[in-house]
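# Quick check, what structure comes out for this input:
(chains A and B)
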There are 2 protein chains.
Amino acid sequence: MRIGILGGGQLAKMLIESSAKFGFEFVVFSLEKNSPAGMISKEFIGDWNNPNDLNIFANLCDVISLENEYIDYKNIEHIEKSGVKCYPDSSIVKLIQDKLVQKVTLKKLNVPVADFREIDSLEDLKDAAELFGYPFVLKTRTMGYDGKGNVEIKKSSQLKSAFENLSSRGKLFAEKFIDFVKEVAIQAVRNSNGDIKIYPLVETIQKNHICYLVLSSKNYLRKYKNRAEKIAHKILNAMNYVGVMGIEMFADTKDNLIVNELAPRVHNTGHYTIEAAKCSQFENHIRAILGLPLGSTEMICNSSAMINILGEKNEIVNNNQLLKDLKNVSREEDVYIHIYGKNKISKGRKMGHITLTGDNLIRLRNKAEKIRKLIKI
Amino acid sequence: MRIGILGGGQLAKMLIESSAKFGFEFVVFSLEKNSPAGMISKEFIGDWNNPNDLNIFANLCDVISLENEYIDYKNIEHIEKSGVKCYPDSSIVKLIQDKLVQKVTLKKLNVPVADFREIDSLEDLKDAAELFGYPFVLKTRTMGYDGKGNVEIKKSSQLKSAFENLSSRGKLFAEKFIDFVKEVAIQAVRNSNGDIKIYPLVETIQKNHICYLVLSSKNYLRKYKNRAEKIAHKILNAMNYVGVMGIEMFADTKDNLIVNELAPRVHNTGHYTIEAAKCSQFENHIRAILGLPLGSTEMICNSSAMINILGEKNEIVNNNQLLKDLKNVSREEDVYIHIYGKNKISKGRKMGHITLTGDNLIRLRNKAEKIRKLIKI
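Numbering: from 1, shown residues only, chains lettered A, B, ... in the order given. Sure thing, here's the model as predicted:
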């Protein structure tokens, strides 16, 4: 039995770390050599857009999953035609990778989303400005992540340049600005029997539009819990989804929950589940795609804070320095460090993360920020 | 940074599973392709007795450890001469791999061991019979494991055949028979700073001389605890040991603890620490050889039972059947299955293990035996 993963980054790596114990083989389809996941799996180097490479990869695998949603759904269709199942399947990836289609789908399901409209011209954008008022948000329909492909438009003089800049990245849509008090996220997992399990709702804190801190606690965000879980159930069931899905939401000033974005995969906001939940999002994703019963998504500690190690400079990782830093961090109890094994540091690049478990969420958050500073990356 | 492991079996695999998160690379030196650990690491195929292969492997690694003590210590010396550090080092492996030298060393340290004597001839064996009385045990000095290389001599008529049979395997020694009430074991870990941490003392139950069940509980075996820990401290400090050591002991009818055997590596009786301890024996071994502070060896549950999946037939693993079996086992909460990924089942071969965590040790043991039967291996 061989499990294939499209992508060889840290998400693929943690999927393998969590489930190598089941004894199956993993092969990752990576665009370049020495990927994080390739360190602990067979690594197939190829081009996702080359049908021949897709065929070779599919031939190596009994079942395939993915660690990012930027591979064109047509490539996943191509793999499916060869008879190998992909989770999530091409129809789901198609729906999610076009954020406009994603919003339309969610709206049809009566899942709360921000008002939006398609933007094909500067005229459309001017209409949107009138409709939504300032500020509002212009986004690319595909390939947006970590703040790339998004722009907040604050006044009419920005309309033209925003339209021209983003148009070069592809088709666009506009969204009403949500005046949120918190950004929250939830991971949900569904297997082919239709069983669903849901991890606790967490708060996410961004730095330059990149996930930076994730806070979770058994009794935190209780007023949103039921609604968030209902939303997750509705989305996963409607899509007949198999695997873990990350759902990002805004909580606005009136305590409404508004879905911002779906990720058809394990998600940065669920890394804390490795140490803080009975069964991690990574193991549950593998369980789901293998048709195994799902593990418990319960937290095994009261609270947890996860901080990303985002690169602060552009240089090659110094392993001796890293080992020294690991010595400092490993001295601490209930502190768990993950280094992804990327050779090159660049500003804002996700190089690793640190999870802390304990009782007091505020103290954990403060400690997380202190401990992050011990790593010279 | 690349960590080398001599051997590519399940112990190497679990070392990598535990510590891939630190971001370093692993390479295993395996005698044949498709080793369990090779599934999640670079795999170097070679012959431990070929100096050229040892040189190539050493060149690939920044630090080296081992997963079995049957590699001739001279080969480890050869690696050390190339400037790469091995943990444990060749002098420790030399001392441990000759069980007679091991016993002499322990006796010098005033660690309780069974009476023993060197056997070079049938005359020596007859003398030993007179000295120890029947039954007593004849053993090979090297390469004995899982009951191989051991024979219990019950009467004088067996002396000649026992001597002749075992002599063909190498040099011999004889040991007084210990009338034990329990077999127990302890894992201890020491890093290069001299810090020592010790896991709980566990009971081990053998089946045909192969470890079968391991029982651990916070308050179990309390009367032996202090003595076992003192023994562990004494041995690790005296050897200036770095890494995890497994120490097997007998508890006799008078509640004495008698050391039976040392294993200079992570040990089957410590597999339960993956789920039942804060930091597993595997992660702590890697921490020790990297010079990191040691993790906590505390149990995070009250009790745990670990049962080995020993092959019950000689055949190739059927992956579809295995997946079905995994479905049945994964349905259970607080049950953790590990399959090593070996292709061929043979009778008594260690194919995987299952750990259960919970409160009541007797119930866990019974459940472990029931769950083992769900796996058709």
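# Which residue is the nearest non-sequential neighbour of A:F250?
Sequence neighbours aside, A:F180 is the residue nearest to A:F250 in space, at 3.8 Å (criterion: CB to CB, 6 or more residues apart in numbering or on different chains). Placement of C-beta: from N, CA and C, glycine included.
# tell me which parts of chain A are close to chain B?
Contacts of chain A with chain B, taken as CB under 8 Å from any CB of the partner chain, map to A:1, A:13, A:16-17, A:20-26, A:39-41, A:278, A:287, A:290-293, A:295-296, A:319, A:322-323, A:326-327, A:330-331, A:333, A:336-341, A:352.
# Can you tell me which of those end up in helices?
Counting by DSSP state H, the residues of chain A next to chain B place A:13, A:16-17, A:287, A:290, A:319, A:322-323, A:326-327, A:330 in helices.
# show me the contacts for A:K344.
The contact partners of A:K344, by CB atoms under 8 Å, 6 or more residues apart in numbering or on different chains, come to A:314-317.
# at 10 Å instead, please
Contact analysis of A:K344 by CB atoms under 10 Å, 6 or more residues apart in numbering or on different chains lists A:311, A:314-317, A:351.
# And the helix or strand hosting A:K370, what does it pack against?
Using DSSP states H and E, A:K370 sits within helix A:361-372. Here helix A:361-372 touches strand A:202-207, strand A:210-217, strand A:303-310, helix A:319-330, strand A:335-339, strand A:350-358, going by 3 or more CB pairs under 10 Å, 6 or more residues apart in numbering or on different chains; DSSP states H and E.
# thinking again about what came up before, output the ones in helices among the residues of chain A next to chain B in TSV; the columns should cover distance to B:F282, pLDDT and neighbour count.
As requested, those are exported to TSV (distance: CB to CB, whole Å; pLDDT from 0 to 100; neighbours: other CB atoms under 10 Å in any protein chain shown):
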residue	distance to B:F282	pLDDT	neighbour count
A:K13	17	98	29
A:I16	16	98	29
A:E17	12	98	24
A:R287	22	98	26
A:L290	24	96	22
A:N319	21	92	14
A:L322	20	95	20
A:L323	19	95	16
A:L326	16	96	22
A:K327	19	95	15
A:S330	15	93	20
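# what about the closest residue to A:L374 other than its chain neighbours, neighbour count?
Among residues not flanking A:L374 along the chain, A:N328 sits closest, at 4.6 Å (CB to CB, 6+ apart). Neighbourhood size, A:N328 [other CB atoms under 10 Å in any protein chain shown]: 16.
# Dump the helix holding A:K370 to PDB, restricted to CA.
In PDB, the C-alpha atoms belonging to helix A:361-372 read as follows (Å, rounded to 0.1, in the frame of the first residue of the first chain):
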ATOM      1  CA  LEU A 361      -3.900  30.600  27.500                       C
ATOM      2  CA  ILE A 362      -2.500  34.100  28.100                       C
ATOM      3  CA  ARG A 363       0.600  32.800  29.800                       C
ATOM      4  CA  LEU A 364       1.100  30.300  27.000                       C
ATOM      5  CA  ARG A 365       0.800  32.900  24.400                       C
ATOM      6  CA  ASN A 366       3.400  35.200  26.100                       C
ATOM      7  CA  LYS A 367       5.700  32.200  26.600                       C
ATOM      8  CA  ALA A 368       5.300  31.200  22.900                       C
ATOM      9  CA  GLU A 369       6.500  34.600  21.700                       C
ATOM     10  CA  LYS A 370       9.500  34.500  24.100                       C
ATOM     11  CA  ILE A 371      10.400  31.000  23.000                       C
ATOM     12  CA  ARG A 372      10.100  31.900  19.300                       C
END
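# any idea of the mean pLDDT in it?
Mean pLDDT, helix A:361-372: 97.
# Check the stretch 1-150 of chain A for the residue nearest chain B and tell me.
A:G23 (3.0 Å; CB to the nearest CB).
# which ones are touching that residue?
A:1, B:10, B:13, B:36, B:39, B:317, B:319, B:322, B:326, B:337-342, B:351-352.
# Return the member of the ones in helices among the residues of chain A next to chain B nearest to A:L221.
For these, the closest approach to A:L221 (CB to CB) belongs to A:R287, at 25.8 Å.
# Does the closest one touch A:G295 like I think?
Yes: using CB atoms under 10 Å, A:R287 is in contact with A:G295, at 6.2 Å.
# overlap in contacts of those two?
Residues touching both A:R287 and A:G295 by CB under 10 Å, 6+ apart: A:189, A:197, A:279, B:330.
# sorry, back to before: what's the most distant pair in the ones in helices among the residues of chain A next to chain B?
A:L290 and A:K327 (37.6 Å).
# so where is chain A shaky, pLDDT-wise?
Low-confidence segments of chain A, defined by pLDDT under 70, span residues A:146-147.
# Dead centre of it: give me the residue that sits there.
Closest to where the C-alpha atoms of chain A average out (CA atoms, centre = their mean) is A:H267, at 3.3 Å.
# Quick check, the residue in the stretch 201-350 of chain A closest to chain B?
A:I339 (3.0 Å).
# In space, what's closest to that residue - neighbours in sequence excluded?
Nearest residue to A:I339 in three dimensions, chain neighbours excluded: B:G23, at 3.0 Å (CB to CB, 6+ apart).
# Return the most buried member of the helices and strands packed on helix A:361-372.
Most buried of these by mean neighbour count (mean count of other CB atoms under 10 Å in any protein chain shown) is strand A:303-310; its value is a mean of 26.
# Specify the angle between that one and strand A:202-207 in degrees.
Relative orientation of strand A:303-310 and strand A:202-207, computed by axes from the mean of the first three to the mean of the last three CA atoms, to 10 degrees: 30 degrees.
# and strand A:303-310, C-alpha only, in CSV?
Presented in CSV, the C-alpha positions along strand A:303-310 are these (Å, rounded to 0.1, in the frame of the first residue of the first chain):
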residue,chain,number,x,y,z
SER,A,303,-5.0,25.1,26.5
SER,A,304,-2.4,25.3,23.7
ALA,A,305,-0.6,28.1,21.9
MET,A,306,1.1,27.4,18.5
ILE,A,307,3.5,30.0,17.1
ASN,A,308,4.9,29.8,13.5
ILE,A,309,8.6,30.1,13.0
LEU,A,310,8.4,32.6,10.1
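# Okay, now the sheet partners of it, with direction.
Neighbouring strands of strand A:303-310 in its sheet, by DSSP bridges, are strand A:210-217 (antiparallel), strand A:350-358 (antiparallel).
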